[in-house]
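K.L.:
The sequence isn't on hand, but the structure is:
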């Protein structure tokens, strides 16, 4: 490296920004999920195919459980791509599966009291998950009560763990962004570039013609500073003048004034 060439200034790491594309994909997936829930002919299963309905419900719930556990592990280990987005989508998907099941079961007379529409089923699912229990919709049949018990157990074991992992993921991302924002140097900040008022220029620690004069001036400047009468300029110790990253001002001729 030449005498007048400065080493590159280290750049701060880029701030960790939320992936807007991933969260936009989540919103789009949720919109498609709601569209399918409110438009698909769910009651085509029901009483016409009771065995197929229960097998399909068990298969989808098992698949969701495996996906939730995998994403919870990814969130705890910090691996995988966008575990928070996946957890949020799987939680919504699980609630939609239970709501669809309640809607199908309500097609049979006497199974539910107060559950008529798909919105009623979704409302009852959310109320059951929140353990509020207003009592305006009740499960009267054995099949609906079995599904309610499964949902309560599913909420306590899997959805609660998924919600906790999602909360930790979001909080961890916010803390990382806050710490990196605090460590980011202010605009225009430069490290290790002191400026003096002398006629010489520092270029590092390479010896030069003025090394002897600079050393003698440095010793006299230190002694004078200890006596209380010396001063230095540009952040260089003992009156050394120049420009560079090193404390003693680099090589070149230096000027020192003694009282």
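P.N.:
Alright, I've got the coordinates. Remember, predicted model here, so these are calculated numbers, not experimental data. Residues are numbered from 1 along each chain as shown.
K.L.:
Which residue ranges of the chain form helices?
P.N.:
For the chain, applying DSSP state H gives helices covering 20-39, 50-77, 83-105, 118-129, 142-154, 160-183, 211-226.
K.L.:
Compute the inter-axis angle for the first one and helix 118-129.
P.N.:
Spelled out, that is helix 20-39. For helix 20-39 against helix 118-129, the angle by axes from the mean of the first three to the mean of the last three CA atoms, to 10 degrees is 120 degrees.
K.L.:
Helix 20-39 packs against which elements?
P.N.:
The contact analysis (3 or more CB pairs under 8 Å, 6 or more residues apart in numbering; DSSP states H and E) places helix 20-39 against helix 83-105, helix 118-129. Glycine gets a C-beta too; all of them are placed from N, C-alpha and C.
K.L.:
separation between residue 114 and residue 37?
P.N.:
19 Å (CB to CB, to the nearest Å).
K.L.:
and the two? which has more neighbours close in?
P.N.:
Higher neighbour count among residue 114 and residue 37: residue 37, with 19 against 14, using other CB atoms under 10 Å.
K.L.:
what's the neighbour count on the closest residue to the more buried one other than its chain neighbours?
P.N.:
Among residues not flanking residue 37 along the chain, residue 96 sits closest, at 5.3 Å (CB to CB, 6 or more residues apart in numbering). Using other CB under 10 Å, the number of residues around residue 96 comes to 18.
K.L.:
State the distance from residue 96 to residue 171.
P.N.:
For residue 96 relative to residue 171 (CB to CB), the value is 26 Å.
K.L.:
go on, residue 83?
P.N.:
On the measure of CB to CB, residue 83 and residue 171 end up 13 Å apart.
K.L.:
Return every residue with contacts to both of those two.
P.N.:
By CB atoms under 8 Å, 6 or more residues apart in numbering, residue 83 and residue 171 have no common neighbours.
K.L.:
Which one's more surrounded, those two?
P.N.:
Using other CB under 10 Å, the more surrounded residue of residue 83 and residue 171 is residue 83, with 21 against 10.
K.L.:
now that one: how far from residue 67?
P.N.:
11 Å.
K.L.:
next one: residue 85
P.N.:
13 Å.
K.L.:
So between these two, which is more surrounded?
P.N.:
Between residue 85 and residue 67, counting by other CB under 10 Å, residue 85 is the more crowded of the two (21 against 17).
K.L.:
list the contacts for the more buried one?
P.N.:
Going by CB under 8 Å, 6+ apart, residue 85 touches 19, 22-23, 25-26.
K.L.:
How about residue 147: what's its closest non-neighbour residue?
P.N.:
In space, not counting the residues next to it along the chain, residue 147 is nearest to residue 101; the distance is 5.5 Å by CB to CB, 6+ apart.
K.L.:
Provide the count of other residues in contact range of the one you found.
P.N.:
25.
K.L.:
Return the per-residue confidence for it.
P.N.:
Residue 101 is assigned a pLDDT of 96 by the prediction.
K.L.:
next one: residue 46
P.N.:
For residue 46, pLDDT reads 82.
K.L.:
before we move on, what about residue 255?
P.N.:
44.
K.L.:
likewise the one 3 residues further on?
P.N.:
Residue 258 is assigned a predicted lDDT (pLDDT) of 44.
K.L.:
thought residue 82 was touching residue 24?
P.N.:
No. Residue 82 is not in contact with residue 24 according to CB atoms under 8 Å; the separation is 11.6 Å.
K.L.:
More neighbours: these two, which one.
P.N.:
More crowded of residue 82 and residue 24, by other CB under 10 Å: residue 82, with 18 against 11.
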